[in-house]
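Participant: need a 3D model of the following:
(2 chains)
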Amino acid sequence: MIGADLLPILAAAGGALHMLISEYGGRVARASTTSDVFNAIAEADRREILDVLMTGEKAVGAIVGHLSMSQPQVSKHLRVLSEVGLVRCRAEGRLRLYRLEPARLRPLHDWLAKYEQMWNARLDRMDDLLQELQQQGERSDN
Amino acid sequence: MTINRHGSARIEFPSELEIVITREFDAPIALVFDVLTKPEHVSKWGATPPDQMKECSIDLRVGGTYQSVFVTEDGTECSFRGTYLEVEPPIRTVETWLFEGWPDAEAVETMQLDETDGVTTLTIRLAFRDKAGRDHMTRFDGKQDDFDAMDEILRSLLDQKGMVSE
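Facilitator: Residues are numbered from 1 along each chain as shown, chains lettered A, B, ... in the order given. Next up, the predicted model:
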């Protein structure tokens, strides 16, 4: 499970990744089954809701109290977040309580890890070439 | 010269629309610039095996274009292309960046180099066009201010320890 304290950085990354495409050929392309989480997280208002839920389970009214959004807006976003499984809802009396499901951010984390790997591999090859060229340069100098 | 820097790239997300990649190289700035901008070099490191770089053309001048065509193991071709907006050897280039098939993902890429004590730091910044379709060309237009004014980079994802525990 991904620690809730890392949610903000993953969420910020989600926005960029939403627009980012894979390097070539879909090598690190994300699976279509995870794209909903990316989409859900790409919207700034929804990230604010996730931030508010990081401190614990809350009723819709309490979430609205923390944000500058109307209740209908918050409810609409909560519906999207519920659909992709990023939040869970349960009823307690007349209240509907929402809580975060940070484990659902796992696909995003995995995708980021692959993206990071791809860049490292690329820049490592560049590094190797630089070393090779410098060694050649030293040899030709002698 | 014996430091192994493999795997040391840092990837950061300073804002919703940007990705910043930083990596140090034990090489002089002029050589790093050449390896980034000369086709004979780029074609050697650009593709991830077993993929191959089929074409690599770079017209390194403002208004000049570049294109890289890759072929994957199953024969699929894909390409990147773009136009240079700024060329300032050996310190920086700014270019548009477009992946064929994903027109919505057009970005402006800035490659910045800085050498200190024989170590050259490469910073690649990809700034994606915003959703409203703001014209990044006019926003950018040969000026660096927008990027310089960006907020401090957030914590590096790579610095996060124990990010995932099952």
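Participant: can you give me phi and psi for B:Thr120?
Facilitator: Torsion angles at B:Thr120 (phi, psi; degrees, to the nearest 10) stand at phi -100, psi 130.
Participant: where does chain A dip in pLDDT?
Facilitator: A:1-36, A:38-39, A:42, A:107, A:142 (pLDDT under 70).
Participant: which one's the longest helix in it?
Facilitator: helix A:106-141 (DSSP state H).
Participant: same deal with chain B?
Facilitator: Chain B, longest helix under DSSP H: helix B:29-37.
Participant: so which bits of that one are buried?
Facilitator: Going by neighbour count (16 or more other Cβ atoms under 10 Å in any protein chain shown), the buried part of helix B:29-37 is B:Ile29, B:Leu31, B:Val32, B:Phe33, B:Asp34, B:Val35, B:Leu36, B:Thr37. Every C-beta, even on glycine, is put in place using the N, C-alpha and C of the backbone.
Participant: could you tell me the angle between it and helix A:106-141?
Facilitator: Interaxial angle, helix B:29-37 versus helix A:106-141 (axes from the mean of the first three to the mean of the last three Cα atoms, to 10 degrees): 120 degrees.
Participant: same question for stretch B:54-69, mean pLDDT?
Facilitator: Average pLDDT, stretch B:54-69: 94.
Participant: how about the strands in chain B?
Facilitator: Assigned by DSSP state E, the strands in chain B fall at B:10-12, B:18-25, B:52-58, B:65-71, B:77-88, B:92-99, B:107-116, B:119-128.
Participant: can the longest one be said to contact chain A?
Facilitator: Yes - Strand B:77-88 lies in contact with chain A when judged by Cβ under 8 Å from any Cβ of the partner chain; the contacting residues are B:Cys78, B:Ser79, B:Phe80.
Participant: mind checking how far A:Glu101 is from B:Ser43?
Facilitator: 45 Å (Cβ to Cβ, to the nearest Å).
Participant: near chain A, which of the buried residues of helix B:29-37 show up?
Facilitator: Within the buried residues of helix B:29-37, those near chain A by Cβ under 8 Å from any Cβ are B:Leu31, B:Val32, B:Val35, B:Leu36.
Participant: nearest residue to the middle of chain B?
Facilitator: B:Ile124 (4.1 Å; Cα atoms, centre = their mean).
Participant: identify the farthest-apart pair in the buried residues of helix B:29-37.
Facilitator: B:Ile29 and B:Thr37 (12.1 Å; Cβ to Cβ).
Participant: switch the residues of strand B:77-88 next to chain A over to TSV; also include neighbour count and pLDDT.
Facilitator: Shown next, in TSV, are the residues of strand B:77-88 next to chain A (neighbours: other Cβ atoms under 10 Å in any protein chain shown; pLDDT from 0 to 100):
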residue	neighbour count	pLDDT
B:Cys78	21	80
B:Ser79	16	83
B:Phe80	18	82
